[in-house]
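# Compute the structure for the input listed below.
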Amino acid sequence: MMGSLSVPSLLLHLLFVMRRTCAFQDSIRQLNTEFAQTLYQKLTEGEECRNIVISPVGVTVALELLQLGAKGNTFAQLENALGYTVHGEIKDFMSWPSASPSLTQIAVISTTYFNSTWQNPFALSETQHLSFTKADGSVIKVPMMYQISAVNYGQIKTGSNQRFIAVELGYLEHAVNMLIIIPSERKNPISSIEPHITSHTLSAWTNSMRRMKMEVFLPKFKVQNKFNLKTVLTTLGITDLFSPSKADFSGISEQEKLFVSEAIHEAKIEVSEDGTEAAAATAMVLLKRSRTLAFKADRPFFFLLRHAKTGRILFMGRVMDPLE
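Next up, the predicted model:
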């Protein structure tokens, strides 16, 4: 039959399509990570001693949505900032509402809930008040969660020969991974690791980690920040969308002259346990007798939550003082 494919030819074709798809996904993952790092650096300038959290995926999704309805130079600026064009097939899953003559608002809300049942939990979790050394050298007592878990663990060495310790916890049946990084030496600031957070280094670090059972000590913490993205996006070359005369969102509506008046980003993360006093008492005995290795986040640490399948960064930030 004309145009038919033999089984070997079909398999080769499918292999080519799969490789092309994987290459595309890897490229998007890398660009998303680079955008996340740039966004994080710009939003945290001059904030070295403050608890910080941002949601890069919340910002990129909002920009992707705007790109779908943008035209002309407005589209080009969004494309250049993100590094890619939103794939046309995404449009099949989305529909733009009719523009309101009074107000049009796009809101992207990213909410993720976690509790103490990390991956493969032993159903033993407790909270103790343990020492936490702040960046200024002072020591405070903070509620520290404890659990024995199977985690990915590794020691990181940067180009400047600084050493860090990293542990990766799995949540939601490994759909989301939380990477926590602390300096090997207490005198080293956590800000020294942040410039090294790139797609390449993250891949290298996670690939070098080993799977092992460890005692994990993680302070309960809650971080919430609110940022005005207008200045940051402008520095990234995204300017026209804020201009009533230059913004072109004719892909959304040709009747109304739409533009973005404000760009506000608010992120919040809270990590806490859901244990009971009975479980805590049992865990105290286990803690005393256990000989497994321990990871203790008892000083400022950097954290990063990624979607396991796409590699998109859901949240990233630092905890300088869990009691703030």
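# how about low-confidence regions in the stretch 101-250 of the chain?
Within the stretch 101-250 of the chain, the segments meeting pLDDT under 70 span 101-126, 172-173.
# where along it do the helices fall?
Taking DSSP state H, counting those that start in this stretch as the criterion, the stretch 101-250 of the chain contains helices spanning 199-208, 229-235.
# Excluding chain neighbours, what is closest to residue 228?
Nearest residue to residue 228, sequence neighbours excluded (Cβ to Cβ, 6 or more residues apart in numbering): residue 264, at 6.2 Å. The way it works is simple: take the backbone N, C-alpha and C, and place the C-beta from them, glycine included.
# And the one you found, how close does it get to residue 36?
Residue 264 sits 18 Å away from residue 36, going by Cβ to Cβ, to the nearest Å.
# Residue 247: which of the helices of the stretch 101-250 of the chain is closest?
Taking Cβ to Cβ, helix 229-235 is the member of the helices of the stretch 101-250 of the chain nearest to residue 247, at 12.7 Å.
# ok, then the element right after the closest one?
Of the helices and strands lying after helix 229-235 in sequence (DSSP states H and E), the nearest is strand 264-271.
# which of the residues in that next one are buried?
265, 267, 269, 271 (16 or more other Cβ atoms under 10 Å).
# what's the answer for stretch 194-213, then?
Judged by neighbour count using 16+ other Cβ under 10 Å, the buried positions of stretch 194-213 are 194, 196-197, 199, 201-202, 205, 209.
# so where do the strands sit in the chain?
52-54, 126-133, 139-157, 163-171, 176-183, 210-219, 221-228, 264-271, 293-296, 301-307, 313-319 (DSSP state E).
# will you turn the ones you listed into TSV that also has distance to residue 84?
Shown next, in TSV, are the strands of the chain (distance: least, Cβ to Cβ, whole Å):
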stretch	distance to residue 84
strand 52-54	20
strand 126-133	41
strand 139-157	29
strand 163-171	27
strand 176-183	23
strand 210-219	33
strand 221-228	23
strand 264-271	21
strand 293-296	36
strand 301-307	17
strand 313-319	16
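# Check the ones you listed for me and report the most buried one.
Mean neighbours per residue, mean count of other Cβ atoms under 10 Å, is largest over the strands of the chain for strand 313-319, with a mean of 25.
# Please tell me how far that strand is from the chain's geometric centre.
5 Å (Cα atoms, centre = their mean, to the nearest Å).
# re earlier: which of the buried residues of stretch 194-213 sits closest to residue 128?
Using Cβ to Cβ, the buried residues of stretch 194-213 come closest to residue 128 at residue 209, 26.4 Å.
# got a list of what the closest one touches?
Residues near residue 209 by Cβ atoms under 8 Å, 6 or more residues apart in numbering: 152-154, 166, 168.
# Also residue 263?
The contact partners of residue 263, taken as Cβ under 8 Å, 6+ apart, are 62, 228-230, 233, 242.
# Return the closest of the residues you listed with respect to residue 321.
Nearest to residue 321, judged by Cβ to Cβ, of the contacts of residue 263 is residue 228 at 23.9 Å.
# Would you format the contacts of residue 209 as TSV with distance to residue 312 included?
Below are these laid out as TSV (distance: Cβ to Cβ, whole Å):
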residue	distance to residue 312
152	19
153	23
154	22
166	19
168	16
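# one step back: what's the closest of the contacts of residue 263 to residue 307?
residue 62 (16.7 Å).
# The closest one: neighbouring residues, count only.
For residue 62, the count of nearby residues is 17 (other Cβ atoms under 10 Å).
# And the pLDDT at it?
We note a pLDDT of 85 for residue 62 in this prediction.
# end-to-end on stretch 313-324?
24 Å (Cα to Cα, to the nearest Å).
# And the average pLDDT for it is what?
91.
# for that stretch, the distance to its chain's centre please.
Distance of stretch 313-324 from its chain centroid, counting by Cα atoms, centre = their mean, is 11 Å.
# From the chain's centroid, how far away is stretch 148-168?
17 Å.
# mind exporting it as PDB, just the C-alpha atoms?
C-alpha atoms of stretch 148-168 as PDB (Å, rounded to 0.1, in the frame of the first residue of the first chain):
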ATOM      1  CA  ILE A 148      13.700   8.900  59.600                       C
ATOM      2  CA  SER A 149      13.200   8.800  55.800                       C
ATOM      3  CA  ALA A 150      14.700   7.400  52.600                       C
ATOM      4  CA  VAL A 151      16.100  10.500  50.900                       C
ATOM      5  CA  ASN A 152      18.600  11.600  48.200                       C
ATOM      6  CA  TYR A 153      21.700  12.900  49.900                       C
ATOM      7  CA  GLY A 154      24.900  14.500  48.500                       C
ATOM      8  CA  GLN A 155      27.800  16.900  49.200                       C
ATOM      9  CA  ILE A 156      28.200  19.700  46.700                       C
ATOM     10  CA  LYS A 157      31.300  21.600  45.700                       C
ATOM     11  CA  THR A 158      31.100  24.800  43.800                       C
ATOM     12  CA  GLY A 159      33.600  26.300  41.400                       C
ATOM     13  CA  SER A 160      34.900  28.500  44.300                       C
ATOM     14  CA  ASN A 161      35.600  25.300  46.300                       C
ATOM     15  CA  GLN A 162      32.800  26.000  48.800                       C
ATOM     16  CA  ARG A 163      31.100  22.900  50.100                       C
ATOM     17  CA  PHE A 164      27.400  22.400  50.800                       C
ATOM     18  CA  ILE A 165      25.300  19.600  51.900                       C
ATOM     19  CA  ALA A 166      22.000  18.800  50.100                       C
ATOM     20  CA  VAL A 167      19.100  16.500  50.800                       C
ATOM     21  CA  GLU A 168      16.100  15.900  48.500                       C
END
